[in-house]
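> Have a look; sequence and predicted model below, questions after that.
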Amino acid sequence: MKTITTALCSFGMSGRVFHAPFIQLHPGFTLAGAWERSKHAIAEMYPGTKSYSSLEAVLADDTIELVVINTPTYTHYEYTKQALLAGKHVVVEKAFTTTVAEAEALKALALQQGKQLSVFQNRRWDSDFKTVQKIVREGWLGELCEAEIHYDRYNTALSPKQHKEIPNAGAGIVKDLGPHLIDQALHLFGLPEAVFADVRVTREISQVDDYFEILLYYPSMRVRLKAGMLVREPIPAFTIHGFNGSFIKTRGDIQEANLLKGLQPNTTDWGTEPAGGEGLLHTEREGKIIKEKIPTLQGNYYDYYDGIYKALRKGAPVPVTADDGIHVMKIIEAAFQSSNEKKVVSIKG
């Protein structure tokens, strides 16, 4: 097996938590190292890896086949462009870029270079979302009429990550948590016809948006996406209503928390939610009323990188496409326009 030699563009939290453990675990990858600007920590955690002094050094290494752009959002376009021009396949974190135009330009460049380009929307492989997706796709609720997805937090202090809090093209909650919720909605329901949004600054200390409510218009249903930093007691993260019934699920995926503790995803029960977080299904099927707790499916971010392996070695589609990323950016741009102009904004496919 020829492994996919892979380098990270950062070994901060995202590199340590969301990427390196799964790249290292997958037999189809070799973790080459990371671009580290000051600390040289990757070799301590993964002996045999290398600390690169610059992006140019990463791209000049002919052994590297795949580059992970896990740097601040405002760098995504330029770094991804450089990596594609250097002949590398690319995984880029959310938000894909800062504008639709940038996203479309990167898709075109990847096609021109004959390279694979994928957006790291790891929350598709959360245990809670996978369970919601199963209920929706198996038709347990009948024709859908309404859905609401939340990503609630309570934090009155600013993030220590300055690039998230100081005004720049990639800052703010809409481009931080927004891509998770938008991608999940589009993955479930497709691209909407229109968007209405309210984007706000709710904390006096905030310099960038820290609250949003985005309403997606579909022909026969509405989908509401919400996130904020002043939700001390969160409500269920997923509420789905259809003509036959409802499904309610809390946000319970434990992968990020366990990875932050230093646990490695090398166990058979990885991503298994503890008992008590099951979703509630209340519906009707074949004349029978059903009201029961639904066991939560196992989450696993490993499956994203397994999809990347299959795309690069077996010709399968990448697990999250550039088009997926473009669609998320279209919703984000429409949300800002809607909030600024206080009107409904149409979405073009």
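Structure's in. What do you need? Numbering: from 1, shown residues only.
> rest of the way, CA atoms for contacts and neighbours
Noted.
> So for this protein, the centremost residue is which one?
The residue lying closest to the centre of the chain (Cα atoms, centre = their mean) is residue 121, at 2.8 Å.
> tell me, which helix in this protein spans the most residues?
For the chain, the longest helix by residue count, based on DSSP state H, is helix 322-341.
> Give the other helices and strands that the helix or strand just after it contacts.
On the C-terminal side of helix 322-341, the closest following helix or strand by DSSP states H and E is strand 345-346. Helices and strands touching strand 345-346, as assessed by 3 or more Cα pairs under 8 Å, 6 or more residues apart in numbering; DSSP states H and E, comprise strand 194-200, helix 322-341.
> so which of the ones you listed gets nearest residue 76?
helix 322-341 (12.2 Å; Cα to Cα).
> And for the helix or strand containing residue 5, what's in contact with it?
Here residue 5 sits within strand 4-8, counting by DSSP H and E. The contact list for strand 4-8 (Cα atoms under 8 Å, 6 or more residues apart in numbering) reads 15, 23, 28-35, 58, 63-70, 309.
> Of those residues, just the buried ones, PyMOL syntax please.
PyMOL command restricting the contacts of strand 4-8 to the buried ones, with burial defined by 16 or more other Cα atoms under 10 Å:
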select buried, resi 15+23+28+29+30+31+32+33+34+35+58+64+65+66+67+68+69+70+309
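> Which of the contacts of strand 4-8 fall within helices?
Per DSSP H, the subset of the contacts of strand 4-8 in helices is 23, 58, 309.
> and of those residues, the nearest to residue 349?
residue 309 (29.0 Å).
> ok, so what distance separates that closest one from residue 110?
Separation of residue 309 from residue 110 (Cα to Cα, to the nearest Å): 17 Å.
> With residue 194 as the reference, measure out to residue 343.
10 Å.
> end to end, how far does stretch 30-47 reach?
Start-to-end, stretch 30-47 (Cα to Cα) is 12 Å.
> Could you do stretch 271-280 as well?
End-to-end distance for stretch 271-280: 20 Å, by Cα to Cα.
> my guess is residue 176 contacts residue 95, does it?
Yes. If you go by Cα atoms under 8 Å, residue 176 and residue 95 touch, sitting 6.7 Å apart.
> Which of these two has more residues huddled nearby?
The neighbour count for residue 176 versus residue 95, taken as other Cα atoms under 10 Å, is higher for residue 95 (29 against 15).
> residues contacting the more buried one?
Going by Cα under 8 Å, 6+ apart, the list of residues near residue 95 reads 73, 170, 175, 176, 179, 325, 329.
> Just the pLDDT for residue 1.
You'll see residue 1 listed with a pLDDT of 68.
> Any idea how many residues pack against residue 53?
Residue 53: 14 surrounding residues under other Cα under 10 Å.
> Against residue 118, how distant is it?
Between residue 53 and residue 118 the distance is 25 Å, computed by Cα to Cα.
> Could you do residue 236 as well?
In this view, residue 236 and residue 118 are 30 Å apart by Cα to Cα.
> Counting neighbours around each, name which of the two comes out higher.
Neighbour count, other Cα under 10 Å: between residue 236 and residue 118, residue 118 has more, with 24 against 17.
> ok, back up a step: now the angle between strand 194-200 and the longest helix of the chain, please.
Relative orientation of helix 322-341 versus strand 194-200 (axes from the mean of the first three to the mean of the last three Cα atoms, to 10 degrees): 60 degrees.
> Report the beta-bridge partner residues of residue 212.
Bridge pairing for residue 212 (DSSP bridges) gives the partners residue 199, residue 227.
> nope, residue 69 is what I meant
Under the criterion used (DSSP bridges), residue 69 bridges to residue 92.
> Please verify my assumption that it contacts residue 78.
No. Contact criterion Cα under 8 Å: residue 69 and residue 78 do not qualify, at 10.1 Å.
> returning to what we had before: relative to residue 11, which of the helices and strands packed on strand 345-346 is closest?
For these, the distance to residue 11 is smallest for helix 322-341, at 23.2 Å, taking Cα to Cα.
> Now do the helices in the stretch 201-349 of the chain.
255-260, 302-314, 322-341 (DSSP state H, counting those that start in this stretch).
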